[in-house]
Structure formats: structure tokens, C-alpha cells
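Q: With the sequence up front, the predicted model follows.
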Amino acid sequence: MPNPSVTTNRLHFEDLEPRRFEELGYQLLHRLYKWERLDHTGVCGNDGGIDMYGITKDGVHCYCQVKRYQKLSQSDIKTIYSAIVNNNKDGIEPNSKFILICACDLSKQVLDVAYDEGSKHGFKSVEIISRTKLESLLYNGHRTLLRTFFGIGSKKQESNAAKIRRQARAKKYVINKLMRKDLGKIPYETIAANPDIKFLTDKLMLLSAQSSLAADRYGEDTTHGFAFPIDFKDEGLELSLPLLRKVIFNSKSDTWRFNTEKFPIIGEDEYVLECQEIVILPYYNIVEIEEDGDQYYNYPILHCQTDELMDAFSKITAKHHHLGIVFDEDRELLSSEIALIHAHIKTNGKYLKNG
């Protein structure tokens, strides 16, 4: 494979939602091989321990797993293989290949385990597409995927000055439409303790561009959803979505991860914490606000510029309301927060194994 002929920037795979990273993996595999069939099984929930299953033109059965994790350990690799074996009781096909696409680079020890476990479980070959190789593939020969998933090369890069002006204009517009005009009469301490009282409403309807432009904006093929305002942040609206996000906490290593599986495999030292999904909706992604609602809803309708609603959010975190802890992939848990989680597990542990 040729080396890049131009300077390339490191891709931030962590900025993609797990589902979107899976879609990237599917699109890449579709281009790398000639297929008789390639199925994205992960979107259906009961996926047999894999995200994709395909049969190449030359008859190779491919079992594909996609992980957006920032780190994969030897134990994680073994868990991935166990999930495939446990969910395919009749065994894997004789002429089979295992493909792992991951958002991190792997150590030699982890790679050795990946190849050894694959052989042990009956795979004729194993292909690992880790971060560096994934970036190389995208920059060399698959640049259309860079445009689709990262916006690279899709248009002239916007200057920092233009970005600042665009964000400032959008923020001013949103605040004018959604913020109460009588905040000066409310004590600062009250606002600080309850930032949601800044809003004129306690509920919003969010529409993707696909929904906004559809004949039936709330039809089955559109993406829209309720949201509950929390605060006006510098970078955008902080919103709570009516969605539960499961966090898997390892009580031995004091680490955690967002669950991306419908039926997650929970380790011996792992517990499931159900949290509320919290997002940041950048002001510049809001192109229009119907402040009085429409014929269906009597609260503000926010039209977003992205085709898919989840793509409008710049950040997604999860808050455990009982513990008051926010799980954010960009920060480490405090020791006091870890202590709270351990106390919660000690009291409710038997109820937290399956969420």
C-alpha cells in the first residue's frame, strides 16, 4: 500500500457514535472485498456476537466485529471471541475469517492473543484493522468515506474567524428564541441551582433536516425526538434526552464503558448502571426555531441541519441521577465518585448485573 502523498491529520474516531463507527466499518469492508453478501447484523440487536456477517465471492465466511473502544485488552479480545462462540452453538463455518475493526492501536501482546484465539476457535485467518491501518485505508483509496463520516475534503475549510462569527450569531438567535426575558428578577443563587429555569419551556421537539424537509415531518422514515432543556452552555444547548444509556462499571479496575450491545456480556466484576442520556446541541446546528410549535405540538420545534438527528450533537454523556455522577469519555472519574459507585454496588449489587 502506498504511503500518503500529503500530510494527514489524525482522525477522531471517538467523535463518532458507536453506531456511526459501525457504519464506517461496514462501508469500508464493502469496498475492501467482493461479496456475495454482507449483512450489518449489529443493528438488529440479536447479532450472534458479531456486528457484520458476510460471504465473499470466493466463499470465505467472514465474522466481523467493530469496536470504537479507546483501548482493548487481552481480556477484551477473549470476550469478543467467546461471544461469537457462545452465540453460534452449531459452530462457525469451516472456511471462515475473523475481522476486527477498532478505533485504537493494539500492543504486540494483544495482537498475539487475537491471532492465537482466532486459531483456537477455528478461524482459518484473522485480520485486524486497528487505528493506524484504518486511518491509512481511509486516506489512501477511500477518501469518499472521509467526506461522508468526517467532512474532510467536502468543502473549503472554514476559517476560525468565520466559525466564531457563525457560532456567535447562532447563539444569539437561539437565546433570543428560548431564554426568558425576566431573569434579572430571579436571584442568581436560584438560577445557579436550577439552570433550566432560564428557558421559556420545559420541553422541545428536535427535527433532523430529513424530517424538516419531509412531506410528513413525523413520519416513520424521519428522525425526530423530544428533549428537555438543562442549560445554555458556551458551545450549545445542554439537553436531556428521554433515553436510558447503560454504563458498565468494572468494580475491580474502577473503569467504565458505554454499552453498545442489546444483550451485553457482563463480566464477574462488572455492573450495569442505568443513566440518562445528556447531549450538547451546538448552536450552529440549529437553523430554525418554531417557537410556538406546530399543529401537533405546542412547544418549540428546533430544526437541525444534519440529516440524522444524532449527528447534530457534538457531545453525548450519561448522568446517573441517584448518584449525581456524569459519565464523560473526556474525563476520569473522581475518587469520591468511584467511592459512591462502590457504595451503590454494595447496596444494590444483585440488581445491577443485568441493568
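A: Perfect, thanks for sending it.

Q: Could you use CA atoms for every contact and neighbour count after this?
A: Fine.

Q: With only the CA atoms kept, save stretch 77-92 in CSV.
A: Output in CSV follows, covering the C-alpha atoms of stretch 77-92 (Å, rounded to 0.1, in the frame of the first residue of the first chain):
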residue,chain,number,x,y,z
ILE,A,77,-10.2,-9.9,22.9
LYS,A,78,-11.1,-13.2,24.6
THR,A,79,-14.5,-11.8,25.5
ILE,A,80,-15.2,-10.9,21.8
TYR,A,81,-14.3,-14.5,20.7
SER,A,82,-16.4,-16.0,23.5
ALA,A,83,-19.4,-14.0,22.4
ILE,A,84,-19.1,-15.3,18.9
VAL,A,85,-18.7,-18.9,20.0
ASN,A,86,-21.5,-18.8,22.6
ASN,A,87,-23.9,-17.3,20.1
ASN,A,88,-23.1,-19.7,17.4
LYS,A,89,-23.8,-23.1,19.1
ASP,A,90,-23.6,-25.0,15.8
GLY,A,91,-20.0,-23.8,15.4
ILE,A,92,-18.5,-21.4,12.9
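
Q: what's the longest strand in this structure?
A: The longest strand of the chain (DSSP state E) is strand 236-250.

Q: Skip ahead from that strand and say which helix or strand is next.
A: Sequence-wise, the next helix or strand downstream of strand 236-250 (DSSP states H and E) is strand 255-258.

Q: What average pLDDT does that next one get?
A: Mean pLDDT, strand 255-258: 88.

Q: Each with direction, which strands does the longest strand of the chain pair with?
A: Strand 236-250 has the following strand partners under DSSP bridges: strand 224-232 (antiparallel), strand 255-258 (antiparallel), strand 270-282 (antiparallel).

Q: mind listing what's buried in that strand?
A: Across strand 236-250, burial judged by 16 or more other Cα atoms under 10 Å covers Gly236, Leu237, Glu238, Leu239, Ser240, Leu241, Arg245, Lys246, Val247, Ile248, Phe249, Asn250.

Q: Lys78: which of those is nearest?
A: Asn250 (16.6 Å; Cα to Cα).

Q: gap between the residue nearest to the closest one when sequence neighbours are not counted and Ser314?
A: Leaving aside its chain neighbours, Asn250 sits nearest to Glu270 (4.3 Å; criterion: Cα to Cα, 6 or more residues apart in numbering). According to Cα to Cα, to the nearest Å, Glu270 and Ser314 sit 29 Å apart.
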